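Peer 1: make a model of this:
(one chain, ligands or ions: 2)
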Amino acid sequence: MTLVSLRDVAVSARRRLVPAHYDFFAGGAGEERTLRDNRAAFDRWRLRPRVLRAAGVPDPRVELFGTELSGPVLIAPTAFHRLAHPDGEVATARAARAAGTVMTVSMAATRPLEQIAATGARLWFQLYPQPDRDFTASLVKRAERACTALVVSVDSPVLGRRARDLRNGFLDLPPGLACENLRDPVTGKVRDIVMDPSLGWDDIDRLRAGTGLPVLLKGVLHPADAREAVARGVDGIIVSNHGGRQLDNAVAAIDALPAVVGAVDGRIPVLLDGGVRRGTDVLTALALGASAVLVGRPVIWGLAHDGEAGVRQVLSLLHEELTGAMALCGAATVADLTRDLLAA
Ligand SMILES: Cc1cc2nc3c(=O)[nH]c(=O)nc-3n(C[C@H](O)[C@H](O)[C@H](O)COP(=O)(O)O)c2cc1C
Ligand SMILES: O=C(O)C(=O)c1ccccc1
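Peer 2: Ligands and ions are numbered 1, 2, ... in the order given. Reported below is the predicted structural model:
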């Protein structure tokens, strides 16, 4: 079958995955209202293209924290890639490298960070700061050797209640798979990831003070939090509701974006994830002030479909769709993706 959109890749992935694993990847918290709304909110936007701009072939490149990327679509951190494909995160990283974009490695990756870095991909590391501060510091040290930014997930003081996983009894990885970056090098034992409800701004200050890497906060939806992040010297914000997997009834990511962009007022990059499935979704997010977007599930579906090649396909479909939509809007570069291109 020829795959002409991310929807086709998702269909193929569903056929290949064990149902409980498919549900783990696809599912959200509670009634899955936020999960659905991430998509529905993009569906509501309409574009008002410009004509006769003589824009030529669009150039979608962006620069983030001093590095140039082939386009504004990055890979969001997602857990357990080896559940989708035996190569796991190594395949994802190879695809990111081929596409010229960043892969954000999840703290719950099933390959060691050093192996993922050996692909030569540009990596960011996603961190759930652990109550054991020495352990957290040691993880940050490892990330500094392999990655160019730290993404701190701040939307998970507890794990969301996900009905599909509860029903399926999906609690943990099957034997043979583990969160390799939580393995103790001496004992070989793997720690559990702790969601820390005591995490506060002081912890963000301490993390920042302890690393030279740019620090992004992932999971910000409220403009007051965005303002606080800027005041504390945070380097970037990812507007996200964790793909609808944490707080159900949380606002759709694209609906939360404008107020956050307003609060940040250009001082640091604002990225977005949640429900990005089309080039026109990327275009909409950038027109609303995002510097770039990330995709979570589509990457998993690509992996399940065909490993590295499947993820490459997902990234190139989005790239093709975006450049096509830019051309049709008369946009030569991402700087031309302005608010006036959106109807209403
Ligand atoms: C299966 C799965 C696992 C995830 N694991 C993590 C994780 O380990 N850390 C994290 O910060 N976010 C995690 N996320 C959230 C993603 O980073 C991202 O916010 C979300 O998937 C974006 O929505 P999308 O899937 O609609 O693109 C996960 C999402 C999914 C679907
Ligand atoms: O963050 C998530 O959404 C997620 O599914 C997860 C699962 C296990 C460990 C860490 C994160």
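
Peer 1: what sits against residue 117?
Peer 2: Residue 117 sits next to 93, 123, 145, 146, 147 when contact means CB atoms under 8 Å, 6 or more residues apart in numbering. No exception for glycine: its C-beta is placed from N, CA and C like everyone else's.

Peer 1: number of residues surrounding the third one?
Peer 2: If I follow you right, that is residue 145. The number of residues packed near residue 145 is 9, by other CB atoms under 10 Å.

Peer 1: and residue 136, how far from ligand 1?
Peer 2: 15 Å (CB to the nearest ligand atom, to the nearest Å).

Peer 1: residues near that residue, how many?
Peer 2: 19.

Peer 1: tell me which helix or strand it sits in.
Peer 2: Assigned by DSSP states H and E, residue 136 belongs to helix 133-146.

Peer 1: hmm, back to that, switch the contacts of residue 117 over to TSV; also include distance to residue 26 and pLDDT.
Peer 2: Formatted as TSV, these follow (distance: CB to CB, whole Å; pLDDT from 0 to 100):
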residue	distance to residue 26	pLDDT
93	23	99
123	25	98
145	34	98
146	29	98
147	28	98
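
Peer 1: which pair in those residues spans the largest distance?
Peer 2: 93 and 145 (15.1 Å; CB to CB).

Peer 1: which residues touch residue 23?
Peer 2: 164, 165, 168, 170.

Peer 1: ugh, wrong one, residue 327
Peer 2: Contacts of residue 327 by CB under 8 Å, 6+ apart are 55, 57, 58.

Peer 1: how close does the closest residue to residue 41 other than its chain neighbours sit to ligand 1?
Peer 2: Excluding the flanking residues, the one nearest residue 41 by CB to CB, 6 or more residues apart in numbering is residue 252, at 3.6 Å. Between residue 252 and ligand 1 the computed distance is 10 Å (CB to the nearest ligand atom).

Peer 1: next one: residue 324
Peer 2: Taking CB to the nearest ligand atom, one finds residue 324 at 20 Å from ligand 1.

Peer 1: once you drop chain neighbours, what's closest to that residue?
Peer 2: Distance criterion CB to CB, 6+ apart; nearest residue to residue 324, sequence neighbours excluded, is residue 279 at 6.2 Å.

Peer 1: what is the neighbour count of that neighbour?
Peer 2: Residue 279: 24 surrounding residues under other CB under 10 Å.

Peer 1: and the gap between it and residue 82?
Peer 2: For residue 279, the distance to residue 82 (CB to CB, to the nearest Å) stands at 29 Å.

Peer 1: hmm, the lengthiest helix in the chain in reach of ligand 2?
Peer 2: If you go by DSSP state H, the chain has its longest helix at helix 297-329. No. On the criterion CB under 6 Å from any ligand atom, helix 297-329 is out of touch with ligand 2, staying 10.6 Å away.

Peer 1: just the buried positions in that helix, please.
Peer 2: By neighbour count on 16 or more other CB atoms under 10 Å, the buried set for helix 297-329 is 297-308, 310-315, 317-319, 321-323, 325-329.

Peer 1: and the contacts of residue 117, which is closest to residue 334?
Peer 2: Closest approach between the contacts of residue 117 and residue 334, by CB to CB: residue 123, at 22.4 Å.
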